[in-house]
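Enquirer: predicted coordinates and the sequence they were generated for:
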Amino acid sequence: MDPTLILIIALALAFDFINGFHDAANSIATVVSTRVLSPRNAVIWAAFFNFIAFLLFELHVANTVGKGIIDPSIVDPKVIAATLIGACVWDLLTWWWGLPTSSSHALIGGFIGAALVKVGPSALIWKGILKTVAFMFIAPVLGLVFGLGIGVAVYWIFRRATPGRVDTLFRKGQLVSAALYSLGHGGNDAQKTMGIIAILLFSSGHLGPVFHVPTWVVLSCHAAMGLGTLFGGWRIVKTMGQKVAKLRPVDGFCAETGGAMTLYLASALGVPVSTTHTITGAIMGVGSLRRLTAVRWGVGGEIVGAWLMTIPAAAAVAAASYWVFARL
């Protein structure tokens with residue numbers, strides 16, 4: 001295999017690591033903020049389920065990213081390298097700022113920016129792009145609705161239980177809901193990098209005539225993401241778990257379960273959604289059960305602003321990167 005190809009695959013796995021590092025907060029924020037697990041134990045728990053997600057999920061999202069965002073025929077190492085640089089730069093910047101933005105949309109933005117500079121708008125597959133953009137809004141709403149619905153059901157079922165009993169029960173239940181969410185996180189997010197690596201291998205003739213995702217790519221991406229989660233930063237955990245709404249174990253259980261349901265649905269449909277958007281919506285839904293003022297809507301507004309900036313910002317960095325690579 002060409003050394004340039006190996007270097008770009010290494011860059012893709014570095015992005016997957018950063019993705020796990022950046023998005024660790026999505027998996028562990030609720031379970032940490034409710035003090036069910038310590039940050040150290042929470043990231044170990046999340047990383048394990050991030051990794052084993054490959055046993056449960058089909059590769060629908062990887063196929064969407066690999067073939068459904070830009071025309072596969074225009075892909076070359078420069079396009080992939082520029083895409084990954086755009087996504088990595090935006091992920092690292094927003095991690096530093098403590099903003100829970102979407103690694104998925106950073107990657108899509110990077111693809112769009114590089115393709116526009118190389119070919120122009122004709123390289124874009126609008127059906128896949130519009131489906132992804134639509135879920136920028138659908139995913140948090142679904143998370144909110146599922147989180148709110150599960151919260152209403154749980155509150156009604158345990159309406160006569162003592163607070164102490166509810167707390168004890170859902171401290172155990174939150175271990176299950178956190179595992180379910182981390183499975184969904186790994187099942188959706190790791191596949192995006194699989195799609196990137198697979199389309200690079202396909203365009204360079206290493207996969208033969210039929211596009212597919214090799215097993216070694218699947219395992220490598222899940223391992224890289226799991227390691228990233230293991231080293232995940234506290235900055236975003238603080239925003240997600242403490243600033244949006246104060247959570248109890250029962251609230252964390254409802255939010256994680258609602259978020260997991262959204263991720264499983266999106267993965268089945270092959271849509272690369274944002275785990276950040278999903279869990280934020282679920283937390284807001286559960287938080288609003290007590291009263292609307294329990295949710296810090298101003299923090300939510302800041303997060304939404306960062307979401308809207310993600311695709312154009314990553315696209316701009318990727319476009320500039322491709323322009324430089326094309327002239328080297």
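Expert: Yep, that arrived.
Enquirer: where does this structure have low pLDDT?
Expert: Low-confidence segments of the chain (pLDDT under 70): 1, 22-27, 98-100, 232-246, 290-307.
Enquirer: need the helices for it, in chain order.
Expert: Along the chain, counting by DSSP state H, helices occupy 3-33, 39-52, 60-67, 77-97, 103-118, 126-157, 163-203, 215-230, 234-238, 249-269, 275-290, 297-326.
Enquirer: alpha carbons of the fifth one, as CSV, please.
Expert: The C-alpha trace of helix 103-118 is given here as CSV (Å, rounded to 0.1, in the frame of the first residue of the first chain):
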residue,chain,number,x,y,z
SER,A,103,-18.1,15.5,14.8
SER,A,104,-20.4,14.0,12.2
HIS,A,105,-21.3,17.3,10.7
ALA,A,106,-17.7,18.5,10.9
LEU,A,107,-16.8,15.5,8.7
ILE,A,108,-19.7,16.2,6.3
GLY,A,109,-18.7,19.8,6.1
GLY,A,110,-15.1,18.8,5.4
PHE,A,111,-16.3,16.6,2.5
ILE,A,112,-18.4,19.4,1.1
GLY,A,113,-15.6,22.0,1.3
ALA,A,114,-13.0,19.8,-0.4
ALA,A,115,-15.4,18.7,-3.1
LEU,A,116,-16.5,22.2,-3.9
VAL,A,117,-12.9,23.4,-4.4
LYS,A,118,-11.9,20.4,-6.6
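Enquirer: hmm, back to that, with respect to Pro209, which of the helices of the chain lies nearest?
Expert: helix 163-203 (9.3 Å; C-beta to C-beta). Every C-beta, even on glycine, is put in place using the N, C-alpha and C of the backbone.
Enquirer: same list (the helices of the chain) but as TSV, adding mean neighbour count and distance to Pro209.
Expert: Below are the helices of the chain laid out as TSV (neighbours: other C-beta atoms under 10 Å; distance: least, C-beta to C-beta, whole Å):
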stretch	mean neighbour count	distance to Pro209
helix 3-33	24	19
helix 39-52	21	31
helix 60-67	23	14
helix 77-97	23	20
helix 103-118	28	23
helix 126-157	18	22
helix 163-203	23	9
helix 215-230	22	18
helix 234-238	19	42
helix 249-269	26	27
helix 275-290	28	34
helix 297-326	19	27
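Enquirer: got the contact list for the residue lying closest to Pro72 once chain neighbours are set aside?
Expert: Distance criterion C-beta to C-beta, 6 or more residues apart in numbering; nearest residue to Pro72, sequence neighbours excluded, is Ile199 at 5.7 Å. For Ile199, the contacting residues are Val65, Gly66, Lys67, Pro72, Val75, Ile80, Phe211, by C-beta atoms under 8 Å, 6 or more residues apart in numbering.
Enquirer: any idea which of these is closest to Leu180?
Expert: Val65 (23.3 Å).
Enquirer: how near is the closest one to Ala46?
Expert: 22 Å (C-beta to C-beta, to the nearest Å).
Enquirer: returning to that earlier point: closest to Leu144 among the contacts of Ile199?
Expert: Val65 (25.6 Å).
Enquirer: so the closest one sits against Gln191, correct?
Expert: Yes. Counting by C-beta atoms under 8 Å, Val65 touches Gln191, with 7.0 Å between them.
Enquirer: give me the common contacts of those two.
Expert: Common neighbours of Val65 and Gln191 (criterion: C-beta under 8 Å, 6+ apart): Pro272.
Enquirer: could I get the contacting residues of the nearest residue to Phe211 once chain neighbours are set aside?
Expert: Distances taken as C-beta to C-beta, 6+ apart put Phe202 closest to Phe211, at 5.0 Å, once the chain neighbours are dropped. Contact analysis of Phe202 by C-beta under 8 Å, 6+ apart lists Gly66, Pro72, Phe211.
Enquirer: now the residues you listed as TSV including distance to Phe135?
Expert: Below are the contacts of Phe202 laid out as TSV (distance: C-beta to C-beta, whole Å):
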residue	distance to Phe135
Gly66	18
Pro72	22
Phe211	23
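Enquirer: what number of residues lie near Gly205?
Expert: Gly205 has 8 neighbours, counted by other C-beta atoms under 10 Å.
Enquirer: next, give phi and psi for it.
Expert: Backbone torsions for Gly205, taken as degrees, to the nearest 10, come to phi 80, psi 10.
Enquirer: do you know how far it is from Asp76?
Expert: For Gly205, the distance to Asp76 - C-beta to C-beta - is 12 Å.
Enquirer: repeat for Val217
Expert: From Val217 to Asp76 the distance is 18 Å (C-beta to C-beta).
Enquirer: my read: Thr193 touches Ala10, true?
Expert: No. Checked against C-beta under 8 Å, the pair Thr193 and Ala10 is beyond contact range at 11.7 Å.
Enquirer: now render the contacts of Ile199 as JSON lines, adding distance to Val154.
Expert: As requested, these are arranged in JSON lines below (distance: C-beta to C-beta, whole Å):
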{"residue": "Val65", "distance to Val154": "35"}
{"residue": "Gly66", "distance to Val154": "39"}
{"residue": "Lys67", "distance to Val154": "40"}
{"residue": "Pro72", "distance to Val154": "45"}
{"residue": "Val75", "distance to Val154": "46"}
{"residue": "Ile80", "distance to Val154": "45"}
{"residue": "Phe211", "distance to Val154": "43"}
